[in-house]
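[1] 3D, please:
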Amino acid sequence: MDFGSGFGVTANYLAKYNNVIAVKPNEEMIKNRYIDNQYTQVNGSFEWLIKEPNNKYDCIICHNVIEYMDNRSELLQEFDRILKPNGFVSIVKHNRMGKIMQKAVFEYNIGETEALLKNEYINSQSFGVIKEYDNRILEEYSRGKLTIDRCYGIRTFYGLQDNRFKSDPKWIENMLKIELEVSENPPLREISFFHHIIMRNT
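    Down below sits the predicted model:
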């Protein structure tokens, strides 16, 4: 299940080899979604989730969603309930330290940099206030039912690169290679724009 599936990019990609249910409350985004591969699209949110049966899913995708939700503890506990034994949750989240680097170095946005340094929230252009949270609090939200198995950094260097370099035909290939090499390097992971966390119901 892809919970908070956006325009369906991830759901569409995964549907090539998997049975996928994509869940999104925004009807306009659903109308404009990617549908190269067949998957089930649901117009719903948490209210739909709580009606799903126990132990149904092998994997739950929840990318850049939890920052915008208030009922985080209930959400993580529901994820645990509907996961099969040894299932896992894939979470992508904003990383405050990485955003500070992005705002200060690439964007030169002093106002938002200072706000982030003061632990204040800033707005997303599309979805409202981004309420970042510490990685470990995810385990508290789930009341210990889900534990963090792995954490990767995403966009460690990508977002700091000058756009003039991106015209190089090998840029994306080279950048992907170096991003993968440092994705589990603890100091560099801390300045990545996103964190990709894998949680399991052990």
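
[2] now the strands for the protein?
    With DSSP state E as the criterion, the chain has strands at 2-3, 21-24, 40-43, 57-63, 83-94, 122-124, 128-130, 147-154, 194-200.

[3] list of residues touching the third one?
    This points to strand 40-43. Applying C-beta atoms under 8 Å, 6 or more residues apart in numbering, the contact partners of strand 40-43 are 5, 8, 11, 20-25, 27, 30, 33, 48. C-beta: built from backbone N, CA, C; applies to glycine.

[4] taking the residues you listed, please make a ChimeraX selection of just the buried ones.
    Typed into ChimeraX, the line below selects the buried ones among the contacts of strand 40-43, using 16 or more other C-beta atoms under 10 Å:
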select :5,8,11,20,21,22,23,24,30,33
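
[5] just checking, P85 touches N54?
    No: counting by C-beta atoms under 8 Å, P85 stays clear of N54, with 10.6 Å between them.

[6] what pLDDT is listed against the residue nearest to N64 when sequence neighbours are not counted?
    Counting by C-beta to C-beta, 6 or more residues apart in numbering, N64 lies nearest to V92, which is 5.5 Å off, once chain neighbours are set aside. Listed pLDDT for V92 reads 98.

[7] bridged to V92, which residues?
    Partner residues in beta bridges with V92, using DSSP bridges, are H63, H196.

[8] residues in contact with it?
    With contacts defined as C-beta under 8 Å, 6+ apart, V92 is in contact with 62-64, 154, 194-197.

[9] one more time with 7 Å
    For V92, the contacting residues are 63-64, 154, 194, 196, by C-beta atoms under 7 Å, 6 or more residues apart in numbering.

[10] relative to E140, which of those is nearest.
    Nearest to E140 among the contacts of V92, counting by C-beta to C-beta, is H196 at 19.5 Å.

[11] and the closest one, how far from P53?
    Distance of H196 to P53, given as C-beta to C-beta, to the nearest Å: 28 Å.

[12] neighbour count: those two, which is higher?
    A direct count of neighbours by other C-beta atoms under 10 Å for H196 and P53 places H196 higher, at 18 against 8.
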